[in-house]
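*Asks:* coords please:
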Amino acid sequence: MMPAFSIVEQQADFVVLHKAAGVSFHSDAGAGLVAQAELQLGYKLYPVHRLDKVTSGLILLARSSRAAAELTALFTAHQVEKYYLALATGKPAKKQGWVKGDMAPARRGSWKLLSSQQQPAVSYFISQGFTDLPFRAYLVKPYSGKTHQVRVALKSQGVPILGDSQYQGAPADRVYLHAYALRFYLNNTEYRYVQAPLTGSCYQQLAQTGLLTDWAQPWLLPWPAYTLPKQATE
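*Replies:* Okay, the predicted model is just below:
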């Protein structure tokens, strides 16, 4: 059985973990990711962002209230670059580009994308199809931080994430959404982390294509610049 998390790196101010899919961030029915990590590491941790239960991948936790305030400020100012790796079946409305719009609650804890742009969720994605595989790979960079943002963005393109039944994704052995990379500056030091997904038969197939070598440093790809509307950053 896959452990709830593995340690990617420990720094004086923060730790980077690789969360397994299906592990709750908060303690609900049992000990969540933060509580389990505190128990294993032996010191208190301070959340500064989160991942959905279904999502695997990189999560950053502060080691002090001071570091938590500094990292939270970076996330609030959208100065932490995040990249997500997703798989989906079907043909997207477009193979790459912007997804922008306000998000509103929908049924059963889901969200939907609106055409309005008051406080928009903003993402840009690129994708790659394969002649011999039944799915397409998506690398998504969110420029804002909204609940279910990446899941809703791909659903809006007609390609809900594979295994994501909440958004009508095709059945699979897991939800194929993975927090793939993080890049940020803290105290004049640049930090970069990339973590390939470790579970899921389709992710294992993807690893054989060599695409992750092309996407090994996602911040070097030609992402367009974007500045969120002022009210969206407050």
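*Asks:* just for this protein, where's the confidence low?
*Replies:* Scanning the chain for pLDDT under 70 picks out the ranges 1, 29, 230-234.
*Asks:* what ranges do the helices span in it?
*Replies:* Secondary structure of the chain (DSSP state H): helices at 33-41, 65-76, 149-156, 201-207, 211-214.
*Asks:* And the contacts of the second one?
*Replies:* In this structure, residues lying in contact with helix 65-76 by CB atoms under 8 Å, 6 or more residues apart in numbering are 13-14, 46-49, 60, 62, 80, 145, 184-187, 233. Where C-beta positions appear, they are placed from N, C-alpha and C, glycine not excepted.
*Asks:* Flag every buried residue along that helix.
*Replies:* The neighbour-count check on helix 65-76 (16 or more other CB atoms under 10 Å) flags 67-68, 70-71, 74 as buried.
*Asks:* Over to the third one?
*Replies:* When neighbours are counted by 16+ other CB under 10 Å, the buried residues of helix 149-156 are found to be 149-156.
*Asks:* Please apply the same query to the last one.
*Replies:* For helix 211-214, a neighbour-count test (16+ other CB under 10 Å) marks residue 212 as buried.
*Asks:* The first one too?
*Replies:* With burial defined by 16+ other CB under 10 Å, the residues of helix 33-41 counted as buried are 33-34, 36-37.
*Asks:* on that earlier part again, which of the contacts of helix 65-76 has the most neighbours?
*Replies:* Sorting the contacts of helix 65-76 by how many neighbours each has (other CB atoms under 10 Å) puts residue 60 first, at 25 neighbours.
*Asks:* could the buried residues of helix 149-156 be laid out in a markdown table, adding distance to residue 4?
*Replies:* Converted to a markdown table, the buried residues of helix 149-156 look like this (distance: CB to CB, whole Å):
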| residue | distance to residue 4 |
| --- | --- |
| 149 | 24 |
| 150 | 22 |
| 151 | 21 |
| 152 | 26 |
| 153 | 27 |
| 154 | 26 |
| 155 | 27 |
| 156 | 31 |
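*Asks:* Relative to residue 217, which of the residues you listed is nearest.
*Replies:* Ranked by distance to residue 217 (CB to CB), these are led by residue 150 at 19.9 Å.
*Asks:* how close does the most centrally placed residue in the chain sit to residue 187?
*Replies:* Nearest residue to the geometric centre of the chain (CA atoms, centre = their mean): residue 179, 3.6 Å. Going from residue 179 to residue 187 by CB to CB, to the nearest Å gives 23 Å.
*Asks:* Which one of the buried residues of helix 65-76 is nearest to residue 225?
*Replies:* Set against residue 225, the nearest of the buried residues of helix 65-76 by CB to CB is residue 74 (17.8 Å).
*Asks:* and the helices of the chain as a markdown table, adding distance to residue 173?
*Replies:* A markdown table is the format used below for the helices of the chain (distance: least, CB to CB, whole Å):
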| stretch | distance to residue 173 |
| --- | --- |
| helix 33-41 | 21 |
| helix 65-76 | 31 |
| helix 149-156 | 17 |
| helix 201-207 | 6 |
| helix 211-214 | 19 |
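*Asks:* Cheers, nothing more for now.
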